[in-house]
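1. generate a structure from the sequence data that follows.
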Amino acid sequence: MRFNPKARLDTRRVRDTGGSRGRAGGRTAGAARGGSGLPVSPGALGGGGIGLLVVVGVVLLLVQVLGGGGGGSGAVDGALDTSRVGGSDRYASCATGADAQASADCARVAVENSLTDFWTDELGSRFRAEEALVTFASSVDTGCGAASSAVGPFYCPADETIYLDTDFFDEVLERRLGGPDGGFVEPYVLAHEYGHHVQKVLGTMGRVRTQQGPTSDAVRLELQADCYAGMWASAATTTDDDSGEALVSELTEQDVQQALAAAQAVGDDRIQERTQGQVTEETWTHGSAASRMRWFTTGFERGSLEACDTFAATSL
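-> You can find the predicted model right below:
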């Protein structure tokens, strides 16, 4: 993925709590008290446990959303309480696409800008940008409650914010789960988490009733977020900065293959095989490796909200 050096970056929605370390990271992981993400707790992997997230996370997510997005720690009327985010200047030097090409931190800003522009065009008046993308190290206080690095990257619907510990990519996705090492892996993950924000905006989260199993509503929600990630990837080179300058100059087949490899690595079956030596379909919350790859491809090739309606699909 290459960024247009002439593009201007908007850092207003990207913040850091201070003390973050490492480089880019991310996947879909569940947050304490209502976040939405991946089916594995990185902390559990080291001890050989299954690492599946407790279904309570999905239930509480619905409580947060259906209750109007309030509640949680530090959220005021569903908005991000910036007093919880430290005064780090991590993203202060991110000004142009050239910076994004040279820095993983600035690339993160550029991807957020591209996602925001894409979904603004796609949804029109229905859309509102996410409150923030917040990077952290070790732990963070969110509108969904306190969370540690063990939950991985996640979207909190209560404050409409994406959170990620930037060490996740190297330490968990690549080393423990056997995922790929590539420049487009984090953009895929951020696009998936942004997909959850789109679901919050469209009210899709309220459709989740069944929490586990290969065709459960929880799995359909996650596969739809993968499909939305594919939609953005397909159109990334058409997204612009505020002045109309292209943000992304090139997206290659290798980038797409990295996204697919990451989706494969975080399939429920692949994680269960690596952590418990057997597959238990009835506990799935995010979908199989094959399903995650299939729905990203569906979004990439067909590029529409209708094509990504996993809730209407008879086969996942």
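2. so after the helix or strand harbouring Ala259, what's the next helix or strand?
-> Using DSSP states H and E, the element containing Ala259 is helix 253-265. Per DSSP H and E, the first helix or strand lying C-terminal to helix 253-265 is helix 268-276.
3. list the buried ones in that next one?
-> Buried residues in helix 268-276, counted by 16 or more other C-beta atoms under 10 Å: 268-272, 275. In this view, the C-beta of every residue, glycine as well, is placed from N, C-alpha and C.
4. which parts of the stretch 1-150 of the chain are helices?
-> Assigned by DSSP state H, counting those that start in this stretch, the helices in the stretch 1-150 of the chain fall at 42-46, 56-66, 97-102, 104-123.
5. please apply the same query to the stretch 201-316 of the chain.
-> Under DSSP H, counting those that start in this stretch, the stretch 201-316 of the chain gives helices at 217-235, 253-265, 268-276, 289-302.
6. buried ones in the last one?
-> Using 16+ other C-beta under 10 Å as the burial criterion, the residues of helix 289-302 that qualify are 289, 291-300.
7. just send the buried residues of helix 268-276 back as TSV, with pLDDT and distance to Thr239 too.
-> As requested, these are exported to TSV (pLDDT from 0 to 100; distance: C-beta to C-beta, whole Å):
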residue	pLDDT	distance to Thr239
Asp268	94	31
Asp269	95	33
Arg270	91	31
Ile271	88	32
Gln272	92	36
Thr275	85	37
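8. now those residues in TSV, with distance to Tyr91?
-> TSV is the format used below for those (distance: C-beta to C-beta, whole Å):
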residue	distance to Tyr91
Asp268	34
Asp269	37
Arg270	33
Ile271	31
Gln272	37
Thr275	34
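9. nearest to Val219 among the residues you listed?
-> Comparing the buried residues of helix 268-276 against Val219 with C-beta to C-beta places Asp268 closest, at 8.0 Å.
10. the closest one and Ala147: what is the separation?
-> 21 Å (C-beta to C-beta, to the nearest Å).
11. check Phe168 too.
-> Phe168 is 12 Å from Ala147, by C-beta to C-beta.
12. swap in Gly203?
-> Taking C-beta to C-beta, one finds Gly203 at 24 Å from Ala147.
13. do Ala98 as well
-> Using C-beta to C-beta, Ala98 is found at 34 Å from Ala147.
14. more neighbours, the two?
-> Taking neighbours as other C-beta atoms under 10 Å, Ala98 and Ala147 compare with Ala147 leading, 24 against 15.
15. the more buried one reaches Val140, doesn't it?
-> Yes. With contact defined as C-beta atoms under 8 Å, Ala147 reaches Val140; the gap is 5.6 Å.
16. identify the residue nearest the geometric centre of this protein.
-> Glu193 (2.1 Å; C-alpha atoms, centre = their mean).
17. per-residue pLDDT of it, please?
-> Glu193 is assigned 97 on the pLDDT scale.
18. next one: it from Val109, what distance?
-> Distance of Glu193 to Val109, computed by C-beta to C-beta: 15 Å.
19. check contacts around the nearest residue to Phe300 once chain neighbours are set aside.
-> Take Phe300 and drop its neighbours on the chain: the residue closest to it by C-beta to C-beta, 6 or more residues apart in numbering is Gly230, 3.7 Å away. Contact analysis of Gly230 by C-beta atoms under 8 Å, 6 or more residues apart in numbering lists 259, 295-301, 303.
20. could you rerun that using 10 Å?
-> By C-beta atoms under 10 Å, 6 or more residues apart in numbering, the residues touching Gly230 are 188, 191-192, 195, 256, 259-260, 263, 293-303, 307-308.
21. one more: Thr298?
-> 223-224, 226-227, 230-231, 304, 307-308, 310, 313.
22. can you pull the pLDDT of it?
-> For Thr298, the predicted pLDDT is 98.
23. my guess is Asp117 contacts Ser243. True?
-> No. With contact defined as C-beta atoms under 10 Å, Asp117 does not reach Ser243; the gap is 11.5 Å.
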